[in-house]
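Participant: After the sequence you'll find the predicted model.
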Amino acid sequence: MDIFAQLVLGALNGLVWGFILALIALGLTLVFGLLEIINISHGELYMLGAVLGWYVLQFTGNFWVALILAPLAVGVLGLVIERGVLRPIEGKPIITIIATFGLSLIFQQAVLTGFGGAPQRIPAPFEWDLTILGFGYSGYRFFVALCSIVAISALWGFLRRFKYGMWMRAVRQDREMSLALGIPISRVYMLTFGLGSGLAALGGILAAPIVALEFRMGLDILPAVFIVVIIGGLGSLEGSLLAALLIGELEGLTSVFVTPTTARIFSLVFMSAVLLFRPEGLLGRRR
Amino acid sequence: MSGRILAFWAAVAVLVVLPRALTPYQLSVAAEIMIWGLFAMAFDLLYGYTGMLSFGQAIFFGAGGYGTAFAVLRLDWGIWEALAFGLVAAAAFALAVGFFAVRVSGHYFLILTITFSVITVLVLQSGHWRWLSRGYAASPFTPPLVPLGPWRISLIDPLANYYWVLAFVVVSFLLCWRIVNSPLGKVFRGIRENEERSRLIGYHVERFKLIAFVLGGLFSGLAGALLALTLRYVDISYFELTLSGKAVAWTVIGGAGTLVGAFLGALVFIVSTDYLSSWTINVPLSIGLLLVVMVAVAPDGLIGVVRGKRRG
């Protein structure tokens, strides 16, 4: 394979990975924008999406059922977490962060106990290769990108057109005023956390046929997602989307020449540079 | 004030005579609790006094442990030189990470420290650093003898190691106490209360935050070095995010901004998780469960509970 074809392959991989990152980062940003908490267990919700998907697949043998059920289940789990764990300590950001760290430990260890420590794989639901520049490229990866685009568009539509979506944007803009206008803020918070969790899990089940499933996979994705939200600007949905695609491409293209870990270091360097010259992120509001 | 000083020396006296009542196994557990308390106290210096919520302290803990082990294993250095090497390594890492981290605050700072921490582990386990770290495989080593006057003391003896750790912990505690009650400590607290105002008064906020960050890194590194000498091996777990999280948990549960709270939190947590995990659940799981319960029950920490009772 010549270098040009390799670069095209790297760019494609980067694009797909960027869309998966975007789903997860959007979930994190959505939650941060409203609840003003950094959810350290967000990576574990991504992991749970993939692992629950694996269980559903074992049970039903149907990937499409898993694709629907896993994000739904994790979304419901998110609702429960917000109501049961985070609501009682609302308004104490540090304590909340520590609680989400506790949750991440619980999820990791629960999966380690139930699922085991050995990595598992999920086969792609269909075998269909595209031929690009003389080499085959997995059609499933295109499907992942497509799925993400659909999900992200749906999220945008939801935030613009639906009652709860518009409530979310309202609460995000002005909490007091929303309260005065009679928006049920607690319910909006709960739904936002559930939606954010579901997005992470959707990223997890979509990535499942591409990566190895194990209890530590949340820790693998966490730095990438954090780099994305910092580069994009905390709380900026558009920024997260843009930064996810940028980081996906950066890591995809550099992985042609260096190991994935070194590619991750490039992202870190990129993030540090953004912090030095534009601390509020690419599309973040100036603080 | 004098009551506190009295309480401090009484606690030290208890710790000095405590080994008479403990088995060798309990001695090593006690030494470990003191080391974890020291680690948590280093975090308290950052968070409780300067307001920087760092989830990256394991980087410096690991650098201290690895630096010390490296100097012993590869350079064949004596105990003091090895310890100094570990501390310099920890301070260097703190300076490098701090250079970026102190420019941001709040959630950005938290995210930045987590990111640096997780990527450090990624790099160490990836094989680039195989010559130094051996990934998940442990690097065992024998601690050099401690020259003390005419004697050569071996740290393999739990009793000697206990007193060795105790000495460092007491000195570190006094140093930290001195720092937080000095003019420097007042600046730290000013930054914690209001960064903008401190800047307007004329303090170079980034520089003071960097000082606090490197100090925190140094004490974390010391804790890492002491643990390496106690366990007589280093592996990648010294760097893991979970460790940083534990320091946060112990400090906040014990009571942030008190120095003592860090030790109290470590003591209560380690003893209770040890007890809980004897009931078949594993240690990280019980830590997670305890955390989620504790933050709901006592959000101001154990010290807060004690002080609240006294006031009310």
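Facilitator: Looks like it arrived, so ask away. Numbering: from 1, shown residues only, chains lettered A, B, ... in the order given.
Participant: how about the strands of chain A, start to end?
Facilitator: Secondary structure of chain A, counting by DSSP state E: strands at A:129-132, A:135-138.
Participant: Could you list the alpha-carbon positions for the first one in CSV?
Facilitator: The C-alpha coordinates for strand A:129-132 follow below in CSV (Å, rounded to 0.1, in the frame of the first residue of the first chain):
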residue,chain,number,x,y,z
ASP,A,129,-16.3,-4.1,2.3
LEU,A,130,-16.0,-1.0,0.3
THR,A,131,-13.1,-0.9,-2.2
ILE,A,132,-11.3,2.4,-2.0
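Participant: Give me the contact list for that strand.
Facilitator: Residues outside strand A:129-132 that contact it (Cβ atoms under 8 Å, 6 or more residues apart in numbering or on different chains): A:8, A:9, A:12, A:136, A:137, A:138, A:139, A:142. (C-beta placed from N, C-alpha, C; glycine too.)
Participant: Please name the nearest non-neighbouring residue to residue 38.
Facilitator: Looking at chain A here, since you left the chain open. In space, and not counting its chain neighbours, residue A:38 is closest to residue B:107: 5.3 Å by Cβ to Cβ, 6 or more residues apart in numbering or on different chains.
Participant: meant chain B, my bad for not saying
Facilitator: The shortest distance from residue B:38 to any non-neighbouring residue, by Cβ to Cβ, 6+ apart, is to residue B:223 (4.4 Å).
Participant: host element of the one you found?
Facilitator: helix B:205-231 (DSSP states H and E).
Participant: Up against chain A, what does chain B have?
Facilitator: B:53, B:55, B:100, B:103-104, B:107-108, B:110-112, B:114-116, B:118-119, B:121-123, B:126, B:128, B:241-242, B:245, B:248-249, B:252, B:282, B:284-285, B:287-292, B:295-296, B:299 (Cβ under 8 Å from any Cβ of the partner chain).
Participant: thinking again about what came up before, what number of residues are in the vicinity of the residue nearest to residue B:38?
Facilitator: As a burial measure, residue B:223 scores 32 neighbours (other Cβ atoms under 10 Å in any protein chain shown).
Participant: I'd say it and residue B:63 touch.
Facilitator: No - applying Cβ atoms under 8 Å as the test, residue B:223 and residue B:63 come out as separate, 11.2 Å apart.
Participant: what's residue 54 in contact with, if anything?
Facilitator: Since no chain was named, I'll use chain A. Residue A:54 touches A:66, A:115, A:120, A:122, A:208, A:213, counting by Cβ under 8 Å, 6+ apart.
Participant: look at chain B instead
Facilitator: Neighbours of residue B:54 in contact, by Cβ under 8 Å, 6+ apart: B:43, B:46, B:47, B:101, B:109, B:110, B:113, B:213, B:216, B:244.
Participant: Ok, residue B:28 next?
Facilitator: When contacts are counted by Cβ under 8 Å, 6+ apart, residue B:28 is found next to B:158, B:161, B:162, B:230.
Participant: One more: residue A:197?
Facilitator: Counting by Cβ under 8 Å, 6+ apart, residue A:197 makes contact with A:27, A:45, A:74, A:75, A:77, A:78, A:81.
Participant: can you do 7 Å?
Facilitator: The contact partners of residue A:197, taken as Cβ atoms under 7 Å, 6 or more residues apart in numbering or on different chains, are A:27, A:45, A:74, A:75, A:77, A:78.
Participant: Show me where the stretch 101-250 of chain A has its helices.
Facilitator: A:139-161, A:163-173, A:175-180, A:185-207, A:217-232, A:237-254 (DSSP state H, counting those that start in this stretch).
Participant: out of those helices, which comes closest to residue B:141?
Facilitator: Using Cβ to Cβ as the measure, helix A:217-232 is the one of these that comes nearest residue B:141, at 27.7 Å.
Participant: and the closest one, is it in reach of chain B?
Facilitator: Yes - Helix A:217-232 comes into contact with chain B (Cβ under 7 Å from any Cβ of the partner chain), by way of A:219, A:222, A:223, A:226, A:227, A:230.
Participant: possible to save those as a markdown table with pLDDT and neighbour count?
Facilitator: As requested, the residues of helix A:217-232 next to chain B are arranged in a markdown table below (pLDDT from 0 to 100; neighbours: other Cβ atoms under 10 Å in any protein chain shown):
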| residue | pLDDT | neighbour count |
| --- | --- | --- |
| A:219 | 85 | 20 |
| A:222 | 89 | 27 |
| A:223 | 87 | 25 |
| A:226 | 90 | 28 |
| A:227 | 89 | 29 |
| A:230 | 87 | 27 |
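Participant: just those residues now: which is nearest residue A:274?
Facilitator: Nearest to residue A:274 out of the residues of helix A:217-232 next to chain B is residue A:230 (Cβ to Cβ; 7.1 Å).
Participant: That closest one and residue B:108 touch, don't they?
Facilitator: Yes - in this structure, residue A:230 is within contact of residue B:108 by Cβ atoms under 7 Å, at 6.5 Å.
Participant: what about chain A, any weak spots by pLDDT?
Facilitator: Along chain A, segments meeting pLDDT under 70 span A:1, A:285-287.
Participant: which parts of it sit against chain B?
Facilitator: Checking chain A against chain B by Cβ under 7 Å from any Cβ, the hits are A:38, A:85, A:88-89, A:92, A:94-95, A:97-99, A:101-103, A:105-106, A:108-109, A:219, A:222-223, A:226-227, A:230, A:234, A:259, A:261, A:264-265, A:268, A:272, A:275-276, A:279.
Participant: follow-up on the earlier one: and the contacts of residue A:54, which two are the farthest apart?
Facilitator: Taking Cβ to Cβ as the measure, the contacts of residue A:54 span a maximum distance of 14.6 Å, between A:66 and A:115.
Participant: how deep is the spatially closest residue to residue B:99 that is not a sequence neighbour tucked in, by neighbour count?
Facilitator: Once flanking residues are discounted, residue B:99 sits nearest to residue B:210: 7.3 Å by Cβ to Cβ, 6+ apart. Residue neighbour count, defined by other Cβ under 10 Å, stands at 18 for residue B:210.
Participant: Surely residue B:210 and residue B:102 touch.
Facilitator: Yes - look at residue B:210 against residue B:102 with Cβ under 7 Å: they come within range, at 4.9 Å.
Participant: Spell out the residue ranges of the strands in the stretch 1-150 of chain B.
Facilitator: Secondary structure of the stretch 1-150 of chain B (DSSP state E, counting those that start in this stretch): strands at B:139-140, B:146-148.
Participant: Just name the most buried of those.
Facilitator: strand B:139-140 (a mean of 15; mean count of other Cβ atoms under 10 Å in any protein chain shown).
Participant: Would you mind pulling up the elements that the lengthiest helix in chain A packs against?
Facilitator: Scanning chain A for the longest helix, with DSSP state H as the assignment, gives helix A:3-35. Packing partners of helix A:3-35 (3 or more Cβ pairs under 7 Å, 6 or more residues apart in numbering or on different chains; DSSP states H and E): helix A:42-60, helix A:139-161, helix A:163-173, helix A:185-207, helix A:217-232, helix A:237-254.
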